[in-house]
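A.B. asks: Next one to model:
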Amino acid sequence: MGVFTHEMEVTSTLATARVFKAYVLESDTIFPKAVPHAIKGVEYLQGTGAPGSIRMVSFVPGLGIEYLKEKVDAVDPDNLSYTYTVIESDVFKNMIEKISYETKFSEAPNGGTIVNVTTKFYSVGDVEIKEEAIKDALQNRSQIFKAVEEYLLANPDA
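C.D. replies: Prediction:
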């Protein structure tokens, strides 16, 4: 099994506590509203968001992905960190065993938020994951972050 690691940083003008709440604690309700053209729904199959919980994210037809299942590894509201692993998806196709995300939220000097994400792609056997596929996956994630930020700015009570 190969492990391919990538670091990503995203910034937001919103307060750190609000960003953490939206992206982590309320993502099951916020994501489908913020990205309705991509995310059809988020449903907990086991648990309610605490470590060990498993949820399924369903996507709208035509995106090349139907679903993924995530397992929550750690949620730390005090240190504003969140770790989860994508354990199943219809796009893995015997190439990817899992994808883990370690996300840390911190205050930016301007009062906004800096989100640092370490992503680890675990390949099946000796399969090499193409850099282009990794970039596409991370670009999609970055777009979701920005769409959620835009949604929160347009809906201050959300």
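A.B. asks: The residue nearest the centre of the chain in helix, strand or coil?
C.D. replies: Taking Cα atoms, centre = their mean, the centroid of the chain lies closest to R141, which sits 6.2 Å from it. What DSSP: H, G, I helix; E, B strand; the rest coil gives for R141 is helix.
A.B. asks: mind listing what it touches?
C.D. replies: Shown in contact with R141 (Cβ atoms under 8 Å, 6 or more residues apart in numbering): 8, 117, 119. (Glycine included, C-beta is placed from N, CA and C.)
A.B. asks: Tell me the secondary structure at the second one.
C.D. replies: Just to be clear, that refers to V117. Taken by three-state DSSP, the conformation at V117 corresponds to strand.
A.B. asks: Do me a favour and average the pLDDT over stretch 8-17.
C.D. replies: Stretch 8-17 shows a mean pLDDT of 94.
A.B. asks: Next one: A74 relative to V42, how far apart?
C.D. replies: The gap separating A74 from V42 is 19 Å, by Cβ to Cβ, to the nearest Å.
A.B. asks: between these two, which one's more packed in?
C.D. replies: V42 (16 against 12; other Cβ atoms under 10 Å).
A.B. asks: Can you tell me the element the more buried one falls in?
C.D. replies: Here V42, judged by DSSP states H and E, is contained in strand 39-46.
A.B. asks: and that strand, what other elements does it pack with?
C.D. replies: Counting contacts by 3 or more Cβ pairs under 8 Å, 6 or more residues apart in numbering; DSSP states H and E, strand 39-46 is packed against helix 27-34, strand 54-59.
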